[in-house]
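# Have a look; sequence and predicted model below, questions after that.
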2 protein chains.
Amino acid sequence: MASARDRVLDAYETLLIEQGSAGATLDAVAAAAEVSKGGLLYHFSSKDALAKGLFERLRERSEADAGLMRRSPEGPVAYYLLTSVPGNESPIGLTRTYLATLRIADASPTGAAARAALAGVDADGLAALVEEIPDPVLAWLVQLVGDGLYLRTLTGAPLTGGVSVDDLLDRLRQIIGPARSAATG
Amino acid sequence: MASARDRVLDAYETLLIEQGSAGATLDAVAAAAEVSKGGLLYHFSSKDALAKGLFERLRERSEADAGLMRRSPEGPVAYYLLTSVPGNESPIGLTRTYLATLRIADASPTGAAARAALAGVDADGLAALVEEIPDPVLAWLVQLVGDGLYLRTLTGAPLTGGVSVDDLLDRLRQIIGPARSAATG
DNA sequence: GTCTATATTGCGATAGAC
DNA sequence: GTCTATCGCAATATAGAC
């Protein structure tokens, strides 16, 4: 069994994703992690400390995921887009941690820390994409497409009307291909 | 001054966007709308009814915004992308209503209604984009780029490293241009 | 149509046993 | 390191005056 600390963060993520900030109470997190509220508060001394634990995990996973992108046999672009598709998450759980953090990215001081951590994920991802697509406009375009797919994990909107993610990936490859050669050679 | 009902929905949106579902309490909404809690509960008999009022407004604004897209002199694509940029919102407030609804799109029954309303916005937007870009893959790609920009309104991540939205729009026009002619003949 | 007052529940956090 | 018990406060919602 995972450490109590990790189980607490897992439960916190799940509740944030499934029920939003209103549902992620200390009671609910403790119950889902199968520890008592006192046990939870031993590891994270306040709700704010719990949120900061989530941001730290997000930074760690972002760094690790950027490494996976770079070492991925299909390349950073395909890795980024495929792991952005609802249901096709990053193997180390970055997607879940990202979506959970999004839920508490509000205008409060803690929310500002959340947004800073999310901005770090964006920067890590773009840096890895730029290694495959030197053209900064195209790299950003690819990232935005992936982020649009991310958003659909939240809205649950169907992947639209007869067009598959593979079609999308093929088209993006056509767009990137010539531009890449132009930029690199 | 706007009607009490509209002021309540405006306040609810603002609180959801700025403080998330935990901050959008009936007390806080009533205070921000400058009505008493009793006055609020006259117009919306419960918190759930308030949420449903938001979803109804989202559907209305989505329909109206799709009309603006179609009549926009610069075309649906430019309209969609420009109003997706953080700070450059839809003139009828669709962006705000969309982001507020996103905050309560959780796994609850109410959240399911939220996601259904959001999926409707996606469908309306795509339908308007397809009128300018008949190729469904390209139309979806443009929408996803816009959605990625939307997401940045939530994360507050900087519009990245030296690349402007105008650069992005120009590049998208290059990509769409030939494909559009090819598709339309 | 809008208000005050209040019942009731659930929250975050503390104290202290084991 | 994990638990139970409890305090103080804020939440939703109701009742009823104006």
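Sure, I can see it. Numbers count the residues shown, from 1 in each chain, chains lettered A, B, ... in the order given.

# and stretch A:3-10, does that touch DNA strand C?
No. Shown here: stretch A:3-10 not in contact with DNA strand C (Cβ under 7 Å from any atom of the strand), separated by at least 12.9 Å. To be clear about C-beta, it is placed using only N, CA and C from the backbone, and glycine gets the same treatment.

# any idea how far that stretch is from the chain center?
On the basis of Cα atoms, centre = their mean, to the nearest Å, stretch A:3-10 sits 18 Å off its chain's mean C-alpha point.

# Name the SS class of residue A:163, please.
Three-state assignment for residue A:163 (DSSP: H, G, I helix; E, B strand; the rest coil): coil.

# show me what contacts it?
B:136, B:137, B:140 (Cβ atoms under 8 Å, 6 or more residues apart in numbering or on different chains).

# so can I have JSON lines of those showing pLDDT, distance to residue B:10 and secondary structure?
Formatted as JSON lines, those follow (pLDDT from 0 to 100; distance: Cβ to Cβ, whole Å; DSSP: H, G, I helix; E, B strand; the rest coil):
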{"residue": "B:136", "pLDDT": "94", "distance to residue B:10": "36", "secondary structure": "helix"}
{"residue": "B:137", "pLDDT": "95", "distance to residue B:10": "38", "secondary structure": "helix"}
{"residue": "B:140", "pLDDT": "96", "distance to residue B:10": "32", "secondary structure": "helix"}
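
# Show me the helices in chain A, by range?
Remark: helices assigned in chain A by DSSP state H are A:4-23, A:26-33, A:37-43, A:47-71, A:76-82, A:94-103, A:109-132, A:136-155, A:165-184.

# what packs against the fifth one?
If I follow you right, that is helix A:76-82. Taking 3 or more Cβ pairs under 8 Å, 6 or more residues apart in numbering or on different chains; DSSP states H and E as contact, the helices and strands that helix A:76-82 lies on are helix A:47-71, helix A:109-132, helix A:136-155, helix A:165-184.

# If you rank the contacts of residue A:163 by neighbours, which is first?
Sorting those by how many neighbours each has (other Cβ atoms under 10 Å in any protein chain shown) puts residue B:140 first, at 26 neighbours.

# Take the helices and strands packed on helix A:76-82 and write them to a markdown table, including distance to chain B.
Formatted as a markdown table, the helices and strands packed on helix A:76-82 follow (distance: least, Cβ to the nearest Cβ, whole Å):
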| stretch | distance to chain B |
| --- | --- |
| helix A:47-71 | 10 |
| helix A:109-132 | 4 |
| helix A:136-155 | 3 |
| helix A:165-184 | 5 |
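
# looking at the ones you listed, which is buried most?
helix A:136-155 (a mean of 23; mean count of other Cβ atoms under 10 Å in any protein chain shown).

# related to what we said a few turns ago, closest to residue A:157 out of the contacts of residue A:163?
Ranked by distance to residue A:157 (Cβ to Cβ), these are led by residue B:140 at 11.3 Å.

# wait, that closest one sits on residue B:126?
Yes. Residue B:140 is within contact range of residue B:126, at 6.7 Å (criterion: Cβ atoms under 8 Å).

# which one of the helices of chain A lies closest to residue B:91?
Closest approach to residue B:91 among the helices of chain A (Cβ to Cβ): helix A:136-155, 22.1 Å.
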